[in-house]
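Trainee: fold the following, please.
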Amino acid sequence: MSFTLCLKSCPPSVIRSWIRQKKPNIRNMSSMAGAAGRRPAGVVLLHKSLAPDFEKFCQTNSGPLPLLGRSEPGGWASPALGAVPDARTDCPQFRRYEFGACTGSLTSLEGHLEQLKDMVTFFLDCSFSVEGALEKGGLPRRDPAGRGHLGAAYKTAVPCVTVAGFSCPLVVTMRPVPKDELERLVQASCSTGGVQAQPVHIGDPELLGIKDLSKPDYGDPEVCRPGDVPVFWPSPLTSLEAISSCKTPLAFTSAPGCAVMTDLRDKEAPAGCLTPDRIPEVHCISQDPLHYSITSASAAGKIRELETIIAIDPGSRGIGHLLCKDELLRASLSLSHARSVLITTGFPTHFNHEPPEETDGPPGALALAAFLQALGKGVSMVVDRRALRLFEKLVEEAVEQGVMKTRIPILTYPGGSAGAAQALLCGDEGPRSPRFDHLVAIERTGRAADGNHYNARKMNIKHLVDPIDDLFLEAQKIPGISSTGVGDGGNELGMGKVKEAVKRHIRNGDVIACDVEADFAVIAGVSNWGGYALACALHILNSCEVHGRYLRRATGPSRAPGEQSWTQALPSVDKEEKMMGILVRHKVRSGVTGNMGMEVDGLPFHSTHAQMIQKLLDITTARG
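Mentor: Reported below is the predicted structural model:
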C-alpha cells in the first residue's frame, strides 16, 4: 500500500500527529482531500482588526473562499468545527506575509506566539478535489502513481467582489477533460462535491485572462491533449491573493497544497441525489473562442418548451422542416454571456406603401431590447436609413408608454468601403475589442444567393434596404462576436444556416432563401414570438442558480428572489398591445394582409398573439 493510501485510511488525529513530527512525506497534502472521510482546511491568520472585513469578504465570495469557521482573537480553534487541530502546528507548511509580500515559509508558527495573541484564525474548506471527483466519474488520474503533485492554478482577470481592503482576482484550478466526456464528467463532479464542484468556466483560458496554461501561478502545469477541453474551478488559493491585497503588516496562510485535517465529516453527496434544478447541462455557445455555458436541466427543459410552442405553423408554411433542436437554448445562453448586443429588424414587404414595414419584427425586437436593458447589458439597434425616423419614434413612444424603460441608440449602416462593417462592429479598437459581442436579427430581410432581397412572393425589395447583412458576414470573421437570426419563412437574415431546408420545403424557397448565416437560427411561426421567447429564456436562465453561479464565476452574492427587478421587463399582453397601437398610429401594416390594425401576419392580436404571449409567460414564471 502506498504512503498516500495509508494516510487516507488513518484517523485525522494520527495525521495531525505525523504533521507535528514534521514527517517529510506529508509536506504536500493536495492528494489528501477526504482522508478518512474528514475535511481538510486551509488556514489564514490575520490581525483581529481585519477579521470582520475578511469574514465578510469570504461570505461574499464563497465560491473560491468557502469559510468553515473562525477563532476568537488569540485562539486556534473555531466552535463551528468542534474538535479541531491546533492551527499553529498542525499544518505542514505556512507562508508569512508582510505588507502584502510573501517573505518566507515556515513549518510552525510557534516562533510568533506573541503576535498570534492578537490574530484570528480562519478555516477555509479544501475538501473538494477536482482530480478525485473526476476519478470517481471514470476519468483516470493524470498522476496515476499518486505522487500528490499540486494541480495547476492560475490568477485570472476576474475580480472578486471587494470588501474594504480586500480586493483581488479570482484564482482557479484547471483540469483538461475529453470533449466527448465533458457533460457526463461535469455532472459526476457536481454529484460528488455539490455546488462547490461546479466549474466556473469551460473553454478558452483567455476569456478568464489566462495567457498561457503552461505557466501556472501555483502548482504544476497540466497538458491539454488533442480532444481535451480546459475546465476551471474556483480555488481557495484566492485567499493568498486576498492577503497580498490588504497589505497588512503581518499575516500567515497555509502554503499551497497544505492544510490542517479537521474532524468534520466530508459531505459527499449520495449518488443520484442531484435534482433537475441542480443537474448541470453543458452547451457549446462559441467555437472561436471556444466557450461552453452551463444551466440546470430544469431551466433547459423550460426553454425547450418555449422553443416547441413558438414553432407552431399558423401560416402552414412548412417551417417545421427548418427546426434545429436547442437553437433557442444556445442563443439565449450566448446572449446571457454577452455584454453588448446589436439588434436589427425591418422587412419592407409593402413596397407600394409608406412606410413599407410590417408589424412583425419591431415588437419582438423591442421586447428583447427591453429585457436586455433590464439585465444591464448594452443594447443598440441598426435599421435602414430611410426608416431611421420611424424607429426613433417607435422607441420614443415605447418608452413613454412603459414598453421600454429607456431609449436605446439607433444606428444606420450604409455600407460603402471595404472596412465599413468592421468599423461599425469594432470602432477604433479593432477586431480584438469589438463594440458588440452578439448580433440579433428578428424578421429582418436577408440577402439571397443572387444578392437580392425577396419577400415571400418573390418580389425583389433590394432597393428599400441597406446592406446590414454585411455586419453578420463580418461578424463571422471576428472572434468573440456571435449572432442569432429569428425568422418564420426562410428569407430572413440569419436563415442561411437552414437554407437547404428552405429550398426544399418552403414555397419559392429556391429563390427567396437567405444566404447569410447566423450562429443560431431560431424558428418561429411568427418572428415576434421568437423575440418574446428569447426574452423569456433569458429570464429563465437568470433565475437559475446553476447558470447564475457560472455567470458570476462563483464570486459575489447570488441574486435573491426579491432582487429580480428585471422580471418586470418581461413582455406582457398589456405592453405588446400598447406596442401594436404605436405601430398602427404610424401606419405600419400586417405582413400578410396589408391591413392597418391589431394584427400580425394576418393573425388577430387578441385571439392569437395575446394567447401566445401568455403561454410563454406561464412557462417562464412556473415554479420548478
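Trainee: and the helices in the stretch 51-200 of the chain, which stretches?
Mentor: 51-60, 113-116, 130-136, 182-193 (DSSP state H, counting those that start in this stretch).
Trainee: ranking these by burial, who's on top?
Mentor: Most buried of those by mean neighbour count (mean count of other CB atoms under 10 Å) is helix 182-193; its value is a mean of 21. Where C-beta positions appear, they are placed from N, C-alpha and C, glycine not excepted.
Trainee: quick check: mean pLDDT of it?
Mentor: For helix 182-193, the mean pLDDT works out to 87.
Trainee: just name whatever secondary elements the helix or strand following it is in contact with.
Mentor: Using DSSP states H and E, the helix or strand that follows helix 182-193 towards the C-terminus is strand 201-203. For strand 201-203, the packing partners by 3 or more CB pairs under 8 Å, 6 or more residues apart in numbering; DSSP states H and E come out as strand 228-234, strand 290-296.
Trainee: what about the helices in the stretch 451-600 of the chain?
Mentor: 469-475, 499-505, 509-512, 527-542, 545-551, 573-585.
Trainee: what's the most buried one of those?
Mentor: helix 527-542 (a mean of 29).
Trainee: quick check: mean pLDDT of it?
Mentor: Mean pLDDT, helix 527-542: 97.
Trainee: what's the angle between it and strand 290-296?
Mentor: If you take axes from the mean of the first three to the mean of the last three CA atoms, to 10 degrees, helix 527-542 sits at 80 degrees to strand 290-296.
Trainee: quick one, helix 527-542 and helix 573-585 angle?
Mentor: Angle, helix 527-542 to helix 573-585, by the same axes, to 10 degrees: 150 degrees.
Trainee: dump the C-alpha coordinates for helix 527-542 into PDB.
Mentor: Only the C-alpha atoms of helix 527-542 are listed here, as PDB (Å, rounded to 0.1, in the frame of the first residue of the first chain):
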ATOM      1  CA  SER A 527     -41.000  36.100 -35.800                       C
ATOM      2  CA  ASN A 528     -42.200  38.400 -32.900                       C
ATOM      3  CA  TRP A 529     -42.800  35.200 -30.900                       C
ATOM      4  CA  GLY A 530     -39.100  34.400 -31.300                       C
ATOM      5  CA  GLY A 531     -38.200  37.800 -29.800                       C
ATOM      6  CA  TYR A 532     -40.600  37.200 -26.900                       C
ATOM      7  CA  ALA A 533     -39.200  33.700 -26.400                       C
ATOM      8  CA  LEU A 534     -35.600  35.000 -26.200                       C
ATOM      9  CA  ALA A 535     -36.600  37.400 -23.500                       C
ATOM     10  CA  CYS A 536     -38.400  34.700 -21.600                       C
ATOM     11  CA  ALA A 537     -35.400  32.300 -22.000                       C
ATOM     12  CA  LEU A 538     -33.100  34.900 -20.600                       C
ATOM     13  CA  HIS A 539     -35.400  35.300 -17.600                       C
ATOM     14  CA  ILE A 540     -35.300  31.600 -17.000                       C
ATOM     15  CA  LEU A 541     -31.500  31.500 -17.200                       C
ATOM     16  CA  ASN A 542     -31.000  34.400 -14.900                       C
END
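Trainee: distance from the chain centre to that helix, please.
Mentor: 16 Å (CA atoms, centre = their mean, to the nearest Å).
Trainee: packing partners for that helix?
Mentor: Applying 3+ CB pairs under 8 Å, 6+ apart, one finds that helix 527-542 makes contact with helix 297-310, helix 327-337, helix 362-374, strand 438-444, strand 482-487, strand 520-523, helix 545-551, helix 610-621.
Trainee: walk me through the domains of this protein.
Mentor: For the chain, the TED database gives the domain ranges 1-265, 317-544.
Trainee: quick revisit: turn the helices of the stretch 51-200 of the chain into JSON lines, including distance to residue 312.
Mentor: Output for the helices of the stretch 51-200 of the chain, formatted as JSON lines (distance: least, CB to CB, whole Å):
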{"stretch": "helix 51-60", "distance to residue 312": "46"}
{"stretch": "helix 113-116", "distance to residue 312": "70"}
{"stretch": "helix 130-136", "distance to residue 312": "43"}
{"stretch": "helix 182-193", "distance to residue 312": "30"}
